[in-house]
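K.L.:
with the sequence up front, the predicted model follows.
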Amino acid sequence: MKSFWLTLLECTLILIIAGAITLILLVKIYLIITKEGMYMKFILKRFLWSVLVLIGLSILIFIIARVVPGDPARMALGPRASEEAIQQLTKELNLDKPLATQYFLWVKGVFKGDLGKSIMSRRPVLDDIKEFLPATLEVIFLAAFIEIVGGILLGTISARYSGKWIDNVVRIISYLGIATPAFVWSIILMLIFGYLIPVLPILGRIDASIIPPPTVTGFMVIDSILDGNMEALSNAILHLIMPAISLALAGLSQASRIHRSSMLDNFEKDYVGTELSSGIPMKKVLLKYVMKPSLISTVSIIALDIAAMLGNAFLVELVFNYPGISRYGINAMLNKDLNAITAIVMIIGIAFLLVNIIVDIIAAYLDPRIRLQGGAK
Amino acid sequence: MVKTEIKSKKTGYFSIKIESLRYFWYKYSKNKLSIIGLVVIVIILLSAIFALQVVPYPEHIGAFTDFVNANLKPSKDYICGTDQYGRDIFSRIVYSFRNAFIMCIGVLGVSAPIGVILGLIAGYYQGTVIESVIMRIVDIFLSLPPLVLALAVSAMLEPTLLNSMLAVSFSWWAWYTRITYNMAVSVKNEYYIKSSELIGASVTHIIVSEILPNCFGPIFTKLTLDIGQVILIGASLSFVGLGEQPPNPALGTMISDGARFLPHYWWQTLYPAIAIMIIVLSCNLVGDGIKDALSTNEV
């Protein structure tokens, strides 16, 4: 049994890697904090509030998972399970105790770094998470990159050429992108780039013929670099492309629409006219003076979408049979693996709330009015 | 004429006149894409209602096997091909639109009223315990993407269409509560509400006749934009087998069934996928059109 502090350290490590961007943001927070105390109060309040929401979420998901028609242990083990196995599981999951006691025991376990045992994998849920989370984060990082670059680029282009044919093409693409669920994109991409023009690998995280690098961080790409294994590196990256694109497309489309309309809104402002009439080149006005205020709504949309990706990845990872936390989560749900479901839902909730706070901070960075008035809303 | 109509709009949605409907249609029809979307939706809706009369092979909708004609490519007889049991995919797609619309009506019909009522109550009792209890619960529900909550709930229940509707509604109502709450709070301190209170109007009267009409615009916009989203979530649920059960057709189930035979029998996946794209796209176009027509800043 690992000590609590070691597990805690590992969890923190994962979270820190998850927020590579967050690190940069922390510096920004520091700057904001030192400048405006009022805003710090606001963020602090948001943070404490999020902790309360998380406690509420854990109670909610706990109730959902336990107050279901039928016996959870029996449902988890299937109809052919023996009576003894069911009773043993009931005892193991504390299902024979009252709901409040069960919740209390679960919380106690969480503070000890014990999220319970998974019925599917017969391992501690924490071990499963540590194995599968990095794989999903890899996909999400790439998807986030595609979404940020693509969304802002397409939005800027269609705002610059609004009303021209290029704007209409982008509009059609983004309408299609929003209307299509990620799992449909993954199947269409699979059909095109996996079978029609077979350039990308379809299933899994790495080809079976390639020896995977030894696990250090759990991130296949980083591990391959550390190992100096270029073959595994390129193969792992190729495996990431299709899941990442299918995850990013919907959000990219939405972001590009929103970025376009806020660019156009800001372009109408008086200061833009002043700048243009005083001879500042169009390119500079667009990229420097119109872009920054327009980014506020775009960034919030993109960030929230990235947080939702953990959930959207559920079906995408299923299609590509990608061994990530989302495939694990959906399998846990379909197999009624109570401890695993609770853990996954909590992770997604944490990511969502964290991103919400980050969005507020970015908005305050981009719009001084927000931080000077002590926070939006 | 336009000016008077805007005025009558402000006095409440209950006094909608034919002219304001005509004005609404004038604004809506300015966007050609929204018209196309509306036409497509009407066609899909009609074909879903009269599915058994329109489709070429009505008997293929349920449990039907014809292994001689299994896995046929799209042809004149079967315009979208046949599945592994020899059933016409086109007929099954058209019929599954019915479930998609039933899902929308069920989910929005349950979650919107519940959400709106709670939002109105929370907004009216702003600053009291009632407000904090309702809005804190809403915060908890909104801390998860709807797909995740819907999956978690429906996985716990028996996989049926009704249960998946329940699961999606369960994750959906909170959005309506938040929208209505924001609107209700913004009108709550207006003088006309205060005067109604002063002359002794009941709480129900104030909430239903004074506050609610002001919230209709955003709620209606959200409703129209949600139709496509609910269809998407319904398809995602049926994709993992939580929803309408075989042999009844559902778009998600058809896609996941066909995906197992992917490179060879591509039509079994591709056509249901395109069907989802078309239906959601037209719902979104209509929703956008209605949103633009309802917004007052643009005349």
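P.N.:
Arrived safely. Treat the numbers as computed from the prediction; the structure is a model and nothing was measured. Numbers count the residues shown, from 1 in each chain, chains lettered A, B, ... in the order given.
K.L.:
spatially central, which residue of chain B would that be?
P.N.:
residue B:227 (2.2 Å; C-alpha atoms, centre = their mean).
K.L.:
leaving out chain neighbours, which residue sits closest to that residue?
P.N.:
residue B:283 (4.5 Å; C-beta to C-beta, 6 or more residues apart in numbering or on different chains). C-beta coordinates here come from the backbone N, C-alpha and C atoms, glycine included.
K.L.:
for the one you found, give me its contacts.
P.N.:
A:179, B:37, B:41, B:224, B:227-228, B:231 (C-beta atoms under 8 Å, 6 or more residues apart in numbering or on different chains).
K.L.:
just residue B:137 next, same as before
P.N.:
Taking C-beta under 8 Å, 6+ apart as the criterion, residue B:137 is in contact with A:56, B:174.
K.L.:
and it, what element?
P.N.:
helix B:129-142 (DSSP states H and E).
K.L.:
show me which positions of that helix end up buried.
P.N.:
B:131, B:134-135, B:137-142 (16 or more other C-beta atoms under 10 Å in any protein chain shown).
K.L.:
mind putting these into a markdown table with pLDDT?
P.N.:
Formatted as a markdown table, the buried residues of helix B:129-142 follow (pLDDT from 0 to 100):
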| residue | pLDDT |
| --- | --- |
| B:131 | 89 |
| B:134 | 91 |
| B:135 | 89 |
| B:137 | 90 |
| B:138 | 91 |
| B:139 | 88 |
| B:140 | 89 |
| B:141 | 90 |
| B:142 | 87 |
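K.L.:
nearest to chain A among those?
P.N.:
Of all these, chain A sits closest to residue B:140, with 3.9 Å by C-beta to the nearest C-beta.
K.L.:
would you say the residue nearest to residue B:227 is within a helix?
P.N.:
Yes. The assignment for residue B:283 is a helix, going by DSSP: H, G, I helix; E, B strand; the rest coil.
K.L.:
quick one, helices of the stretch 201-350 of chain A?
P.N.:
A:220-227, A:230-267, A:270-277, A:282-284, A:291-319, A:325-334, A:338-366 (DSSP state H, counting those that start in this stretch).
K.L.:
show residues contacting the strand or helix carrying residue A:174.
P.N.:
Assigned by DSSP H and E, residue A:174 belongs to helix A:165-179. Under the contact criterion C-beta under 8 Å, 6+ apart, helix A:165-179 has outside partners A:154, A:157-158, A:161, A:249-250, A:252-254, A:256-257, A:260, B:228, B:276-277, B:280-281, B:283-285.
K.L.:
now it: buried residues?
P.N.:
Buried-residue list, helix A:165-179, by 16+ other C-beta under 10 Å: A:167, A:170-171, A:173-179.
K.L.:
if I look at residue A:330, how far off is residue A:316?
P.N.:
For residue A:330, the distance to residue A:316 (C-beta to C-beta, to the nearest Å) stands at 10 Å.
K.L.:
higher neighbour count, these two?
P.N.:
Between residue A:330 and residue A:316, counted using other C-beta atoms under 10 Å in any protein chain shown, the more crowded position is residue A:316 (29 against 22).
K.L.:
for the more buried one, give me its contacts.
P.N.:
A:139, A:182-183, A:186, A:243, A:246-247, A:322, A:326.
K.L.:
please apply the same query to residue B:266.
P.N.:
Counted by C-beta under 8 Å, 6+ apart, residue B:266 has contacts A:191, A:195, B:258.
K.L.:
could you dump the helices of the stretch 201-350 of chain A into a markdown table with distance to residue A:135 and mean pLDDT added?
P.N.:
What follows is those, written out as a markdown table (distance: least, C-beta to C-beta, whole Å; pLDDT from 0 to 100):
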| stretch | distance to residue A:135 | mean pLDDT |
| --- | --- | --- |
| helix A:220-227 | 7 | 81 |
| helix A:230-267 | 9 | 88 |
| helix A:270-277 | 45 | 88 |
| helix A:282-284 | 41 | 85 |
| helix A:291-319 | 8 | 84 |
| helix A:325-334 | 7 | 87 |
| helix A:338-366 | 14 | 84 |
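K.L.:
reformat these as TSV; add distance to residue A:78.
P.N.:
As requested, these are exported to TSV (distance: least, C-beta to C-beta, whole Å):
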stretch	distance to residue A:78
helix A:220-227	33
helix A:230-267	30
helix A:270-277	65
helix A:282-284	64
helix A:291-319	21
helix A:325-334	12
helix A:338-366	15
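K.L.:
figure out which of the ones you listed is closest to residue B:164.
P.N.:
With distances scored as C-beta to C-beta, the stretch of the helices of the stretch 201-350 of chain A nearest to residue B:164 is helix A:325-334 (12.9 Å).
K.L.:
what's around residue A:85, how many residues?
P.N.:
14.
K.L.:
and if you look at the one 5 residues further on?
P.N.:
A count of neighbours around residue A:90, defined by other C-beta under 10 Å, yields 17.
K.L.:
and what of the one 4 residues further on?
P.N.:
When neighbours are counted by other C-beta under 10 Å, residue A:94 registers 17.
K.L.:
where does it sit, in terms of helix or strand?
P.N.:
Assigned by DSSP H and E, residue A:94 falls outside every helix and strand.
K.L.:
residue B:240 touches residue B:253, doesn't it?
P.N.:
No. At 9.3 Å, residue B:240 does not count as touching residue B:253 under the criterion of C-beta atoms under 8 Å.
K.L.:
just the buried residues of helix A:165-179 now: which is nearest residue A:298?
P.N.:
Closest to residue A:298, out of all of those and judged by C-beta to C-beta, is residue A:174, at 13.0 Å.
K.L.:
about what we covered before: quick one: the residue nearest to the centre of chain B and residue B:287 touch, right?
P.N.:
Yes. Counting by C-beta under 8 Å, residue B:227 does reach residue B:287; the two are 6.7 Å apart.
K.L.:
pLDDT score for residue A:15?
P.N.:
Confidence at residue A:15, expressed as pLDDT, is 62.
K.L.:
if we can go back for a sec, so which of the contacts of residue B:266 wins on neighbours?
P.N.:
Those, ranked by neighbours (other C-beta under 10 Å): first place residue B:258, 23 neighbours.
K.L.:
so what's residue B:36 closest to, chain neighbours aside?
P.N.:
Closest to residue B:36 by C-beta to C-beta, 6+ apart is residue B:285, at 6.7 Å.
K.L.:
what of residue B:140?
P.N.:
Leaving aside its sequence neighbours, residue B:140 sits nearest to residue A:56 (C-beta to C-beta, 6+ apart; 3.9 Å).
K.L.:
ok so the one you found is a helix residue?
P.N.:
Yes. Counting by three-state DSSP, residue A:56 is part of a helix.
K.L.:
quick one: contacts for it?
P.N.:
With C-beta under 8 Å, 6+ apart, residue A:56 has these contacts: B:136-137, B:139-140.
K.L.:
distance check, it against residue B:154.
P.N.:
21 Å.
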